[in-house]
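Q: Need the 3D shape of this:
(2 chains)
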Amino acid sequence: MPADAQRGEGERRSQRLAERRPGSGEICSAVMFVGLAAAFLVWGLVRVFAAYPAPQQPAQVLRRRELALVSAVADALFPPGGAIPESGREADVAGYVDRLVAASQPRQRALMRALFFLFEHATLIFPAAGGLRGLRRFSSLDVGAREGVLERWRTSRLFLRRLVFTSLRALCTLGYFASPGVLRSLRLAPYAIDTPVCEADLWYPPIGASRASLRRTRADLTPASDGVPLAQGAPLLAGYGKPRA
Amino acid sequence: MSERDVDLRVFADYDRDVVESVDVAVVGSGPGGAVVAKELCDAGLRVALIEEGPPFTPTEYRVDGGLSMARTMREGGLRATVGTVMPTMQAICLGGGSLVNSAICNRAPDFVLERWCERFTLKHTTADDLAPHYDAVGRDLGISATPENVQGRRNLLFRDGCRALGIDCEPIARNVRGCRGSGECFTGCRSRAKQSMDITYVPDALRGGATVLTSARVEVVRTSGRRATGVAGHVVAPFSGRPSHRFRVDAKAVVLAAGCMATPVLLARSGDLANRSGQVGRNLQFHPGVAAMGIFAERVDPQFGATQGYQSKHFLRDGFKLETLWAPPAVLAVRMPGSGAALKQRLAEVPFSAIWDAIGSCNRSVGRVVARRGSFDPRLEWRLHPEDTPILAHALFTLARIFFAAGARSVLPGVHGIPEELHSLEEARILETHPIRPGDLVLGGNHAFCTTRMHGDPAQGVVDELGRCHDFDNLYVADSGVFPQCPSVNPMWTVMALARRTAHAVAATH
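A: Numbering: from 1, shown residues only, chains lettered A, B, ... in the order given. Predicted coordinates for the structure are as follows:
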């Protein structure tokens, strides 16, 4: 190809490229679009994974989102009124689960946290009833929708789904029945028992304390249990009696 | 003996690495290890009893079921099998499972021992062979039938229902003295009536001169050729398991009684010890349990009465045993159907209910224990055999029959795929007719066995009849892992009887 013709072809290519190069207006539009998309994404992520309400009481180990999930499940499992007056919130189920998680070893703690995360966000994949309104994290659903979600987990044909539900409900039920008010209302609160002091009690210090801290002597030994059955109406264990007005 | 005269170490007392030299190191202070330690002390041997958990006194008990499990159970009470998912537990405390079980004591049935002898080439494990050991433990712990005055209505309804149907039943024999019927066996007996190891055999061993190291996790069995030379590990903080000082116990003989879920892990982590047969960790069996709840028109007040006061061995040869049950309300409520207002209505029925359970002799359902990477906790692989599932369904149906015979208004069988509440025997027949899969049942597996099974043939078992590892001259196992098959009844008394026999063999040899 002659040199002139080559030059002409090159100029035409440059011109075509220059024509295709976006102008400043197009760049602005693109930036705005990307910015809006990013903002929408951030907003979505915040809506899904953050923006949880501050807890009413400080927690030992549970994060805001975990407390919100446990409270939301407890509200749906144990609504106010009905056969047992105390609600899940009044029974401080979330506080109990927080203490239980704190008392657990790291692996179990991680498993429980994974359980909370799974349940909280499963409704983004399997939405609750109500169309788009059901496409929210569990704790953002209204109580009616939460009950529906729980029921679907409970009665699922999939064993693993039922297992997840049972595990979560077990934690909340443990918390509900740890409430002295719930136990009192069912007359199931534990009774005070005069615990005999046996020889082993002279040797075993409280957990975490040294044996040097032991103060009991043989003079503190008491007779063994007399085998008299506990009587209904006996005084309740400390912490389970009715709080004074 | 004063409180200062015994050699007991607790976590706060360790201020440096520990080295001990004794005749026998015993790993685990549950029903197996505690008996061995006491018997060896009686024989004049120097013993170190090593326990990973701390001692609990009643001030450390928690009547709340969840917190109690988190404190006294390995993995916070959340351990489960994989394959067929089934929760199972292992205690971590001085006294082991005896602190938090319901103290049930049954001798292994004659037909079970005969089967063991026949199928596992055993010659000296008949009922007559074990009788002296059962008797001695029974005397030591005051094992006797639960008296009627502490049965409570929940247990007596079971008796009445069984009698109405002509089903044999009996008060459960327990290692208890002075039971007050508080129903708190699973969270620790505040009446100090349960004769758990921490207040019986462990104190006996301490008085006999044993060194008891608590909060001490054995991580390796040390060996030289065919001989075990001791054990070593770390002192660990209660509850967190955080390691601190090292310890080493040199010994002329080692007895592993860490439980059938932990002993195989310890052997594996020590270099695949005692495993020429390839049987260490294999043959894992449970007594898978199912439970049903009966609702009565009048209050049962199930919290009153012995935790497990009545049982029926009528169906042992059919593959299951029936017993009454009580647990912290929080634990029982976990199995209630429903949610929301319906769940609260159900929970309100707990005072009107009784819960009874069945444990299955599922010899076909086997699994294995393997060491979990980076952990001393085991991975439990186990599957309920399809042919064992109908046995458990039949057991549930039998419980329903007894409930209705005792006057129950309805029964909650807790089986997925069938009605949550059955109102009559006719309705309950669905338990026999509906095809039930393992995943439909709410199972619990609290007795575990066979992971270091005894066998007369060294190629097929880990230990011999005396509990000595076939591959070693002085390494023994004294926990439920040595059972060749599940015993069909609660295993604690048999564990103690076999452990006592093992202790005598150790004393005679070393």
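Q: Would you check that residue B:136 makes contact with residue B:503?
A: No. Taking contacts as CB atoms under 8 Å, residue B:136 lies outside contact range of residue B:503: 10.8 Å. No exception for glycine: its C-beta is placed from N, CA and C like everyone else's.
Q: the more surrounded of these two?
A: Counted by other CB atoms under 10 Å in any protein chain shown, residue B:136 and residue B:503 do not tie: residue B:503 has more neighbours, with 31 against 15.
Q: which SSE is that one in?
A: Assigned by DSSP states H and E, residue B:503 belongs to helix B:492-509.
Q: Measure how buried residue B:214 is and give me the count.
A: With other CB under 10 Å as criterion, residue B:214 counts 26.
Q: For the residue nearest to it when sequence neighbours are not counted, list the residues it contacts.
A: Spatial nearest neighbour of residue B:214, excluding adjacent residues (CB to CB, 6 or more residues apart in numbering or on different chains): residue B:51 at 5.0 Å. Going by CB atoms under 8 Å, 6 or more residues apart in numbering or on different chains, residue B:51 touches B:28, B:29, B:33, B:93, B:94, B:96, B:212, B:213, B:214, B:215, B:216.
Q: just checking, the third one touches residue B:499?
A: The reference is to residue B:33. Yes. Here residue B:33 reaches residue B:499: they are 7.5 Å apart, a contact under CB under 8 Å.
Q: so what's in contact with those two at the same time?
A: Common contacts of residue B:33 and residue B:499, defined by CB under 8 Å, 6+ apart, comprise B:257, B:478, B:479.
Q: For residue A:40, state which of those is nearest.
A: residue B:479 (60.3 Å; CB to CB).
Q: how far away is that closest one from residue A:93?
A: Distance from residue B:479 to residue A:93, counting by CB to CB, to the nearest Å: 38 Å.
Q: hmm, back to that, ok, the contacts of residue B:51 vs chain A, which is closest?
A: Checking those against chain A with CB to the nearest CB, the nearest one is residue B:94 at 7.4 Å.
Q: looking at it, the closest one is touching residue B:28, isn't it?
A: No. Residue B:94 lies out of contact with residue B:28 (CB under 8 Å); the separation is 10.4 Å.
Q: For those two, work out which one has more neighbours and name it.
A: Set residue B:94 next to residue B:28 and count neighbours by other CB under 10 Å: residue B:94 wins out with 30 against 27.
Q: So for the residue minimising distance to the centre of chain B, what's the nearest residue that isn't a sequence neighbour?
A: The centre of chain B sits closest to residue B:447, judged by CA atoms, centre = their mean, with a distance of 4.7 Å. In this structure, residue B:447 finds its nearest non-sequential neighbour in residue B:287, 4.3 Å apart by CB to CB, 6+ apart.
Q: Quick check: that neighbour vs residue B:158, distance?
A: Distance from residue B:287 to residue B:158, by CB to CB: 19 Å.
Q: Which one of these two is surrounded by more residues?
A: Between residue B:287 and residue B:158, counting by other CB under 10 Å, residue B:158 is the more crowded of the two (28 against 23).
Q: mind exporting the helix or strand harbouring the more buried one as CSV, just the C-alpha atoms?
A: Assigned by DSSP H and E, residue B:158 falls within helix B:152-165. Provided in CSV are the C-alpha atoms of helix B:152-165 (Å, rounded to 0.1, in the frame of the first residue of the first chain):
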residue,chain,number,x,y,z
GLY,B,152,-44.7,-38.4,92.5
ARG,B,153,-47.8,-38.7,90.3
ARG,B,154,-45.9,-38.7,87.1
ASN,B,155,-44.1,-42.0,87.9
LEU,B,156,-47.2,-43.6,89.5
LEU,B,157,-49.3,-42.9,86.5
PHE,B,158,-46.8,-45.0,84.5
ARG,B,159,-47.2,-47.8,87.0
ASP,B,160,-50.9,-47.6,86.8
GLY,B,161,-51.0,-47.6,83.0
CYS,B,162,-48.6,-50.6,82.8
ARG,B,163,-50.6,-52.6,85.4
ALA,B,164,-53.9,-51.9,83.5
LEU,B,165,-52.3,-53.4,80.4
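Q: Centre of the chain to it, how far?
A: 25 Å (CA atoms, centre = their mean, to the nearest Å).
Q: following that helix, which helix or strand comes up?
A: Next along from helix B:152-165, by DSSP H and E: strand B:170-171.
Q: From the contact counts, what lies against the next helix or strand after that next one?
A: Using DSSP H and E, the helix or strand that follows strand B:170-171 towards the C-terminus is strand B:173-175. The contact analysis (3 or more CB pairs under 8 Å, 6 or more residues apart in numbering or on different chains; DSSP states H and E) places strand B:173-175 against strand B:143-145.
Q: Relative to the strand it packs on, what are the paired strands and their orientations?
A: strand B:173-175 (antiparallel) (DSSP bridges).
Q: mean confidence score for the partner strand?
A: The predicted model gives strand B:173-175 an average pLDDT of 98.
Q: So which bits of the top helix by length along chain A are buried?
A: Criterion DSSP state H: the longest helix present in chain A is helix A:24-49. Of all the residues in helix A:24-49, not one is buried under the rule 16 or more other CB atoms under 10 Å in any protein chain shown.
Q: Next, the residue nearest to the centre of chain B: secondary structure please.
A: Under DSSP: H, G, I helix; E, B strand; the rest coil, the three-state class of residue B:447 is strand.
Q: Surely it touches residue B:486?
A: Yes. Taking contacts as CB under 8 Å, residue B:447 lies within contact range of residue B:486: 7.2 Å.
Q: any shared contact partners between those two?
A: Overlap between the contact sets of residue B:447 and residue B:486, as judged by CB under 8 Å, 6+ apart, is given by B:286, B:287.
Q: Which helix or strand contains the residue nearest the centre of chain A?
A: With distances taken as CA atoms, centre = their mean, the residue of chain A nearest its centroid is residue A:66 (3.3 Å). Counting by DSSP H and E, the element that carries residue A:66 is helix A:64-77.
Q: Helix or strand with the lowest mean pLDDT in chain A?
A: helix A:3-20 (a mean of 69; mean pLDDT, DSSP states H and E).
Q: what secondary structure does the closest residue to residue A:99 other than its chain neighbours sit in?
A: The shortest distance from residue A:99 to any non-neighbouring residue, by CB to CB, 6+ apart, is to residue A:60 (6.4 Å). Following three-state DSSP, we place residue A:60 in the coil state.
Q: Residue A:60: neighbour count?
A: By other CB under 10 Å, 11 other residues sit near residue A:60.
Q: Quick check: it touching residue A:103?
A: No. Applying CB under 8 Å as the test, residue A:60 and residue A:103 come out as separate, 9.1 Å apart.
Q: In contact with the closest residue to chain A within the stretch 51-200 of chain B, which residues?
A: Chain A sits closest to residue B:178 of the stretch 51-200 of chain B, with a gap of 3.2 Å, by CB to the nearest CB. Shown in contact with residue B:178 (CB under 8 Å, 6+ apart): A:224, A:225, A:226, A:227, B:191, B:193.
Q: so what's the fourth one up against?
A: Shown here is residue A:227, whose contacts under the criterion CB under 8 Å, 6+ apart are B:147, B:149, B:150, B:177, B:178, B:179, B:180, B:193.
Q: Who are the contact partners of the spatially closest residue to the fifth one that is not a sequence neighbour?
A: Meaning residue B:178. With CB to CB, 6+ apart as the criterion, residue B:178 has its nearest non-adjacent residue at 3.2 Å, and that residue is residue A:225. Contacts of residue A:225 were listed using CB under 8 Å, 6+ apart, and they are A:196, B:177, B:178, B:179, B:180, B:191, B:192, B:193.
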